[in-house]
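# my questions are about this predicted structure, shown below with the sequence.
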Amino acid sequence: MTTIRPTLRKVTSVLRHLNSHHRAHSTSVSADELSHFSSLASSWWDPMGPSRVLHLMNPLRHDFIASCLADSPPLPLASASDASSPPPANNLRYLDVGCGGGIFAESLARTIPTAANSTLKTVTQAASITAIDPTSALIKIARDHARTDPNVETHLRNGKFTYKNCTLEDLVASLQEASEDQKFDVVTLFEVLEHVDSNATSSPLAFLTDCLRVIRPGGWLIGSTIARTFPSFLVNQVIAEAPWPVGVVPRGTHEWSKFVNPDELYGWAQEGLMRSQDGAASHGGSDALQGMRWKCSGVMYFPGLGWKLVPGSEDWGNYFWAVRKSV
């Protein structure tokens, strides 16, 4: 038996790899988009490279998350409701979908307290983060870079920070039978929705619904995307993708037809909340919208100043948005 078990484990491992490879083709992001972002892997962590505007956006992302948590904090875990001691200052479980090379995920991991400062409340209130992406090259880049920071590497070793090379669909399937306490308090979706395909097997609505399925009641889905308007076409494709030194992102990064207007996104969020409550014996109706919260604010990039929240500028291009799942 001792000689058979390693062989069985090896065969099982191969089968799992093949199954994972097959399921990865069901990702909602097109092969062309995945190839484009894989080609940027070597420059992902160059602060002056093609991804520099994403590096500069992180502080504002943290601030927007903090504003959502201040409006409506996620509910405490049911398993902790009878505890005599108060919950930890940082007790939220995060999921970052489409993490790429880890620019946002790693920045959030740095807010997870170490043993030395475990009682200090941070703006994100993060206790752990799982970051997923279907592109193996980018996950490798993300893991390698995370190991260069001793505190972040500690979080990787103890499981508070995890990278997974999988699709959102894979994760939803793995949590199908999970309890609410095993799901996430905050799911982040930064600069991802505008890369989701709309076809017979995928759509932004289906993608959002899957995100909402892995969020605990009272939790938040928080993201950013780009409006599909003429001003955003000029800003995000004509100007942003212009040759250096004018442009700030590589040509081909965006496809204007995939941009999403705020009113469309709000409608998808409502429908997604109802669909995420659908079960074998029942369908989510308007009750699924009770306790829903919606936040939306335009953001603009100013050379030399960075990203700033500019409420009312949503039609000009980039905007932050958030939806709180009903209790």
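Sure, I can see it.
# so what pLDDT did the nearest residue to residue 298 once chain neighbours are set aside get?
Excluding the flanking residues, the one nearest residue 298 by C-beta to C-beta, 6 or more residues apart in numbering is residue 313, at 3.2 Å. C-beta coordinates here come from the backbone N, C-alpha and C atoms, glycine included. Looking at residue 313, its pLDDT is 93.
# residue 313 contacts residue 296, doesn't it?
No. Using C-beta atoms under 8 Å, residue 313 is not in contact with residue 296; the gap is 10.9 Å.
# quick check: neighbours shared by those two?
Jointly contacting residue 313 and residue 296 under the rule C-beta atoms under 8 Å, 6 or more residues apart in numbering are residue 319.
# now do the helices in the protein.
Taking DSSP state H as the criterion, the chain carries its helices at 4-24, 31-39, 52-71, 103-109, 136-146, 150-158, 168-174, 204-213, 230-233, 262-276.
# how many other residues sit next to the residue nearest to residue 298?
When neighbours are defined as other C-beta atoms under 10 Å, residue 313 has 17 of them.
# so how far is residue 109 from residue 74?
Using C-beta to C-beta, to the nearest Å, residue 74 is found at 19 Å from residue 109.
# the two - which one has more neighbours?
The neighbour comparison of residue 74 against residue 109 (other C-beta under 10 Å) goes to residue 109, with 28 against 23.
# could you pull up the residues touching the more buried one?
126, 129, 146, 152, 155, 160-161.
# hey, where'd the strands end up in the stretch 201-327 of the chain?
Per DSSP state E, counting those that start in this stretch, the stretch 201-327 of the chain carries strands over the ranges 215-226, 293-302, 306-309, 318-324.
# now for the longest one, which elements pack on it?
Meaning strand 215-226. helix 52-71, strand 184-190, helix 204-213, strand 318-324 (3 or more C-beta pairs under 8 Å, 6 or more residues apart in numbering; DSSP states H and E).
# can you put these in JSON lines and add mean pLDDT and distance to residue 177?
Conversion of these to JSON lines gives the following (pLDDT from 0 to 100; distance: least, C-beta to C-beta, whole Å):
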{"stretch": "helix 52-71", "mean pLDDT": "93", "distance to residue 177": "28"}
{"stretch": "strand 184-190", "mean pLDDT": "97", "distance to residue 177": "16"}
{"stretch": "helix 204-213", "mean pLDDT": "96", "distance to residue 177": "12"}
{"stretch": "strand 318-324", "mean pLDDT": "96", "distance to residue 177": "25"}
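# in a markdown table: these, plus mean neighbour count and distance to residue 45.
Shown next, in a markdown table, are those (neighbours: other C-beta atoms under 10 Å; distance: least, C-beta to C-beta, whole Å):
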| stretch | mean neighbour count | distance to residue 45 |
| --- | --- | --- |
| helix 52-71 | 17 | 8 |
| strand 184-190 | 25 | 16 |
| helix 204-213 | 22 | 26 |
| strand 318-324 | 25 | 22 |
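# and these: which comes nearest residue 308?
helix 52-71 (7.4 Å; C-beta to C-beta).
# ok, the residue nearest to residue 301 when sequence neighbours are not counted - contacts?
Leaving aside its chain neighbours, residue 301 sits nearest to residue 307 (5.4 Å; criterion: C-beta to C-beta, 6+ apart). Going by C-beta under 8 Å, 6+ apart, residue 307 touches 53, 56-57, 59-60, 299-301.
# I'd like the helices of the chain as CSV, with distance to residue 255 appended.
As requested, these are arranged in CSV below (distance: least, C-beta to C-beta, whole Å):
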stretch, distance to residue 255
helix 4-24, 21
helix 31-39, 8
helix 52-71, 18
helix 103-109, 21
helix 136-146, 19
helix 150-158, 33
helix 168-174, 20
helix 204-213, 13
helix 230-233, 11
helix 262-276, 16
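# give me whichever of those helices is most buried.
Highest mean neighbour count of these: helix 103-109, a mean of 24 (counted as mean count of other C-beta atoms under 10 Å).
# so which of the helices of the chain is nearest residue 118?
The nearest among the helices of the chain, by C-beta to C-beta, is helix 150-158 at 12.4 Å.
# and the angle for the closest one with helix 136-146?
120 degrees (axes from the mean of the first three to the mean of the last three C-alpha atoms, to 10 degrees).
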